[in-house]
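# quick one, what's the 3D model for this:
(chains A and B)
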Amino acid sequence: MQLTYPHHFPELVSSSTIGTYAECPRKFFLSVCNDLRPSYENIHFRAGRAYADSMNVFRRTYHSPLSPHKGDLEMALTLAFKSLFEAYAPETISADKWETVSSSPKSLANMACALVATIETYNPADPTSLLPVVDANGEVWAERTFSLETQVLHPDTGNPILYSGRTDCIVASSQGNYIMDEKSTSSMGEQWHKQWDLRAQFIGYKLGFWSNFPNLNGVVVRGVCLLKESIRLQEYIVNVPSWLVKEWWTDLNYMLADAVRDYKRLHFRAARDKACTSFSGCDFLSICTKAPEHRESFIRPAFILMRYNPLTGEAENVHNAGEE
Amino acid sequence: MNEYPRIDSLNTLINGLRLKALRGEPISLEEYKNGITQIRAVYAARKTAKAAGEKPVRATKTKAKTTSVSLDDLL
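Here you go, the predicted structure:
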């Protein structure tokens, strides 16, 4: 599939972009190489980003010795709520959509309640809780990034492609250090924890932060289940053994080499399988179901060009796909 | 049997802050502090109610009527 949009191969990949390639190479081409994103508002992304921002503000305010409000629960929660509100930016949601958003599980009221529930359940004043690591400089290890040089060279620049990631926080326990990763979900059944044991994102975290924390054992997944009028929390520990890191790194490099091969020959095959319809359906389903000569005309009104930076967690609007 | 306090009772607080933001008015730290205090109070009341064995509220299908205010109405 070819488009007239300028495409590129990313210099920086993450577990999310590589996961997209594993799921469907064509989806990787459209979303990562062409920077195409659906133009409709995604409330899940907005709410998740706002919650992560607020937790980061809380941790830095409450735990850092550099903070004027260290140990002040009320002020740390106030600043976290301010951050949640500002990142959610309810004033940018139109009046007609606001009513629907306000009654959804990702409403701002529900997210604020989830923030309070998390802080009060995992008491930050309790020394036996999993608390963020604070280094000798007084810096809290929250929202930290890493990048590693892979063995695969970029097809245009010839530089090693970087694998990067960004963690919510690193915590200390009597058993060693763990990465803390908060996951919001709309359902948390008996099997919720089973999805994490081989999660590539977590294996990458271990490799990425291993040099900083030689006693890094793995990841604590903190699930925040948001339902309308109900919030549930659950933690699950994923230990990541070194053999798994080694096996994953080999596979990652092979997969990246495959993606570079596809880019050079300009053919990214389409999966045409469960990836097309899983969850709420692939964003590009409406494109792949059209004949090749009509696809670009369907892309123009429905997508924008936006590049995601895994190091900052921010998406940058390149320009509208409909613009000439 | 009583029911848990509803989370969406906080929508009045949230809508008030949203309207200020829509008008471009600054929201003071005191307002955020009052806001988080209300949120904590609802959360605490829900915990207490749950511990007392009260019934959770079921999400209703009928939506409460809200008044939509556009930016044009405010300015």
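
# check what pLDDT the residue of chain A most remote from its centre gets.
Within chain A, the residue lying farthest from the chain centre (CA atoms, centre = their mean) is residue A:293, at 33.7 Å. Looking at residue A:293, its pLDDT stands at 89.

# list the helices and strands whichever helix or strand it is part of packs on?
Assigned by DSSP states H and E, residue A:293 belongs to helix A:292-302. Packing contacts for helix A:292-302, counted by 3 or more CB pairs under 8 Å, 6 or more residues apart in numbering or on different chains; DSSP states H and E, involve helix A:285-288. To be clear about C-beta, it is placed using only N, CA and C from the backbone, and glycine gets the same treatment.

# in the helix it packs on, what's buried?
A:287-288 (16 or more other CB atoms under 10 Å in any protein chain shown).

# run through the chain and note the low-pLDDT ranges.
Looking at chain A here, since you left the chain open. A:1-2, A:310-324 (pLDDT under 70).

# not what I meant, chain B
For chain B (pLDDT under 70), the answer is B:1-3, B:55-75.

# so what touches stretch A:60-76?
By CB atoms under 8 Å, 6 or more residues apart in numbering or on different chains, the list of residues contacting stretch A:60-76 from outside reads A:57-58, A:79-80, A:119, A:124-125, A:131-132, A:134, A:138-140, A:142, B:33, B:36.

# let me redo that: stretch A:18-33
So stretch A:18-33 is contacted by A:1, A:3, A:7-10, A:17, A:36-37, A:163, A:200-201, A:252, A:255-256, A:258-259, A:262-263, A:268-271, A:275-276, A:282-284, A:287-288 (CB under 8 Å, 6+ apart).

# please save the CA atoms from it in PDB.
This file holds the C-alpha atoms of stretch A:18-33, laid out as PDB (Å, rounded to 0.1, in the frame of the first residue of the first chain):
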ATOM      1  CA  ILE A  18       6.900  -2.500  17.900                       C
ATOM      2  CA  GLY A  19       3.700  -4.100  19.200                       C
ATOM      3  CA  THR A  20       1.800  -2.400  16.400                       C
ATOM      4  CA  TYR A  21       4.200  -3.900  13.900                       C
ATOM      5  CA  ALA A  22       3.700  -7.400  15.400                       C
ATOM      6  CA  GLU A  23       0.000  -6.900  15.300                       C
ATOM      7  CA  CYS A  24      -0.200  -5.700  11.700                       C
ATOM      8  CA  PRO A  25       2.700  -4.400   9.600                       C
ATOM      9  CA  ARG A  26       0.400  -2.200   7.500                       C
ATOM     10  CA  LYS A  27      -1.000  -0.600  10.700                       C
ATOM     11  CA  PHE A  28       2.600   0.200  11.600                       C
ATOM     12  CA  PHE A  29       3.200   1.800   8.200                       C
ATOM     13  CA  LEU A  30       0.000   3.900   8.400                       C
ATOM     14  CA  SER A  31       0.300   5.000  12.000                       C
ATOM     15  CA  VAL A  32       4.100   5.100  12.600                       C
ATOM     16  CA  CYS A  33       5.700   5.700   9.200                       C
END
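
# got the buried residues for that stretch?
Here stretch A:18-33 shows A:18, A:20-33 as buried, counting by 16+ other CB under 10 Å.

# go on, stretch A:210-224?
In stretch A:210-224, counting by 16+ other CB under 10 Å, buried: A:210, A:213, A:216-224.

# how about stretch A:114-132?
A:114-119, A:122, A:124, A:130-132.

# got the CA positions of it in CSV?
Output in CSV follows, covering the C-alpha atoms of stretch A:114-132 (Å, rounded to 0.1, in the frame of the first residue of the first chain):
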residue,chain,number,x,y,z
ALA,A,114,-9.7,7.3,41.2
LEU,A,115,-6.8,9.6,42.1
VAL,A,116,-8.1,9.9,45.7
ALA,A,117,-8.8,6.1,45.9
THR,A,118,-5.3,5.3,44.7
ILE,A,119,-3.5,7.7,47.1
GLU,A,120,-5.7,6.7,50.1
THR,A,121,-5.5,2.9,49.4
TYR,A,122,-1.8,2.8,49.0
ASN,A,123,-1.0,5.1,51.9
PRO,A,124,2.1,7.2,51.0
ALA,A,125,2.8,7.8,54.7
ASP,A,126,3.1,4.1,55.4
PRO,A,127,6.8,3.1,55.2
THR,A,128,5.8,-0.5,54.4
SER,A,129,4.0,0.8,51.2
LEU,A,130,5.7,0.6,47.8
LEU,A,131,7.1,4.1,47.8
PRO,A,132,9.0,5.9,45.0
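
# so what touches that stretch?
For stretch A:114-132, contacts defined as CB under 8 Å, 6+ apart pick out A:51, A:54-55, A:58-59, A:62-63, A:71, A:73, A:76-77, A:80-81, A:84, A:140-142, A:169-173, A:178, A:180, A:182, A:184, A:220, A:222, A:224, A:226, A:231, A:233, B:36, B:39-40, B:43.

# among the residues you listed, which lie within helices?
A:51, A:54-55, A:58-59, A:62-63, A:73, A:76-77, A:80-81, A:84, B:36, B:39-40, B:43 (DSSP state H).

# follow-up on the earlier one: of the buried residues of stretch A:18-33, closest to residue A:304?
residue A:31 (11.7 Å; CB to CB).

# separation between the closest one and chain B?
The gap separating residue A:31 from chain B is 31 Å, by CB to the nearest CB, to the nearest Å.

# can you tell me the SS state at that residue?
Here residue A:31 is helix, with the state taken from DSSP: H, G, I helix; E, B strand; the rest coil.

# next one: it from residue B:31, what distance?
Separation of residue A:31 from residue B:31 (CB to CB, to the nearest Å) stands at 39 Å.

# now the top strand by length along chain A, how far from the centre of its chain.
Taking DSSP state E as the criterion, chain A has its longest strand at strand A:160-173. Its chain's C-alpha centre and that of strand A:160-173 lie 11 Å apart, by CA atoms, centre = their mean, to the nearest Å.

# show me which pair in the contacts of stretch A:60-76 is furthest apart.
Farthest-apart pair in these is A:139 and B:33; separation 26.4 Å (CB to CB).

# which parts of chain A sit against chain B?
Residues of chain A that fall close to chain B, judged by CB under 8 Å from any CB of the partner chain: A:74-75, A:77-82, A:85, A:89-91, A:95-96, A:98-99, A:102-103, A:107-110, A:112-113, A:115-117, A:120, A:228-231.
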